[in-house]
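Participant: 3D, please:
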Amino acid sequence: MDIIITIQHGGNVHFFKHFIRGLQSVGHEVHVFAREAEVVSSLLNKYDIDHELLCDEPETLLDLGVTQIQYEAKIFKRARKIDPDYIVSSHGIAASHVARLVGAESHIYIDTETSINHGNRLTTPFADRVYTPSSFNEDVGDSHIRYPGYHELAYLHPDRFEPDPEFLRRNGVDPNEQYAVIRRGAFTSNHDIGKSGISRTGYQRIVDELARNGPVYVSDESDSQLPDGAEPIPVEPAKFHQLLAFADLVVGDVATTTMEAGILGTPTVRISPFAGSSDMGKFLELEEYGLIRSFPVEREDEAIELIERLSRDPRTTATWQDRRELLLETKVDVTEYLFEQLLDDADLETLREETEDESVTLERQPADSSTDEQQAEDPIPNP
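Facilitator: Numbering: from 1, shown residues only. Modelled structure (predicted):
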């Protein structure tokens, strides 16, 4: 088969990286087309994924609209020559449109509701299949298929990712010592108009509190100077998940990093303009599991109070790991699920055998050493 995959965000690279390798390993032709956004091209290059970068990153909201039109036109031109069987994307507006024009079947994976990502209105009506996590709190019609997982479990499921303490040590981080990670967004996307995240004052207060216990590593999409006491991220973007996995606390105002940290069982506090009763279903569900505590930006002071309590409680890490185990009992390896939607039984069996031989998994690393630390009773009530 010929399969086109479109990439619009760094998270898309992680979502599809095992899927791409798996399809290629059983003989399918995979054509990857990308639009630059933050670290898209660097991640694709890091994972040695053959691709064509069709558009640069837009600088303004007006540029975003123009870039989208150019992106769709270029994908259409290439798809006409390829004549693909499938076009697969995550939140890919262009993918569903082009698939209709060239007679391909479109599979679109989305995890952000239309109330937040208005682009869904341009995507879902044209898609043959729309896949969402079971926690998704909207119904998009007959093409809608729900699965028990999250996008992040395509690459952070235990079958796809294992924390590697030696990697951190080689990069100057002691995984056995306390440290925290802060992820702050720029809020320049089309769905971010009029929104803002952690305030500058709150930003400094959080760093001051967390720095009491150890280093505070900050990844900041904005051009602002890092707060006093903060340090830049000590690892390359492709290995950011290793840093999240061993952190004692993650604080952020962006969606992907806070989802990743929560799924890894790292204590996570999210301060977001999208938090609240109308939040994305995935965050509401992880809040029920007690893996992410979300606060709207107007309740930033409450969030900082919780950060202080969590950072000073020695039982926090064990509590979150227990909660993660409960979550994983109910969720699937999402990459495996992607394969099941496209491939026949023979291809699936071959892929499973190769995965056991570690020839498909990209990030198989030595497992962390176990600990005999006694698991305490949950000291932090579920929200």
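
Participant: list the residues that contact residue 181.
Facilitator: Under the criterion of C-beta atoms under 8 Å, 6 or more residues apart in numbering, the contact list for residue 181 reads 216, 217, 218, 219, 233, 243, 244, 247, 249, 250, 251, 261. In short, each C-beta sits where N, CA and C put it, glycine included.

Participant: all helices for the protein, in order.
Facilitator: According to DSSP state H, the chain carries its helices in the segments 10-25, 40-46, 61-82, 93-102, 120-123, 165-170, 200-210, 240-246, 255-263, 281-288, 300-312, 316-328, 334-342, 345-356.

Participant: need the ones you listed in TSV (columns: mean neighbour count).
Facilitator: Putting the helices of the chain into TSV (neighbours: other C-beta atoms under 10 Å) gives the following:
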stretch	mean neighbour count
helix 10-25	24
helix 40-46	18
helix 61-82	15
helix 93-102	22
helix 120-123	17
helix 165-170	15
helix 200-210	19
helix 240-246	23
helix 255-263	26
helix 281-288	20
helix 300-312	17
helix 316-328	17
helix 334-342	20
helix 345-356	14
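
Participant: reformat those as TSV; add mean pLDDT.
Facilitator: Output for the helices of the chain, formatted as TSV (pLDDT from 0 to 100):
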stretch	mean pLDDT
helix 10-25	94
helix 40-46	92
helix 61-82	89
helix 93-102	96
helix 120-123	91
helix 165-170	97
helix 200-210	94
helix 240-246	96
helix 255-263	95
helix 281-288	96
helix 300-312	96
helix 316-328	96
helix 334-342	96
helix 345-356	82
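
Participant: kindly provide the distance from the residue nearest to residue 12 when sequence neighbours are not counted to residue 231.
Facilitator: In space, residue 12 comes closest to residue 90 once its chain neighbours are excluded; the distance is 4.8 Å by C-beta to C-beta, 6 or more residues apart in numbering. Taking C-beta to C-beta, to the nearest Å as the measure, residue 90 and residue 231 are separated by 31 Å.

Participant: between the two, tell me which one has more neighbours.
Facilitator: Remark: of residue 90 and residue 231, residue 90 carries more neighbours, 24 against 13, as counted by other C-beta atoms under 10 Å.

Participant: hmm, the more buried one is touching residue 108, no?
Facilitator: Yes. Using C-beta atoms under 8 Å, residue 90 and residue 108 qualify as a contacting pair, with a distance of 7.5 Å.

Participant: distance of residue 146 from residue 294?
Facilitator: Separation of residue 146 from residue 294 (C-beta to C-beta) stands at 22 Å.

Participant: my bad, residue 136
Facilitator: Separation of residue 136 from residue 294 (C-beta to C-beta): 17 Å.

Participant: neighbours of the residue lying closest to residue 10 once chain neighbours are set aside, how many?
Facilitator: What sits nearest to residue 10 in space, not counting adjacent residues and going by C-beta to C-beta, 6+ apart, is residue 39, at 4.6 Å. Burial measure for residue 39: 18 neighbouring residues, criterion other C-beta under 10 Å.

Participant: got the phi and psi for residue 39?
Facilitator: Comment: the main-chain dihedrals of residue 39 come out as phi -110, psi 20, following degrees, to the nearest 10.
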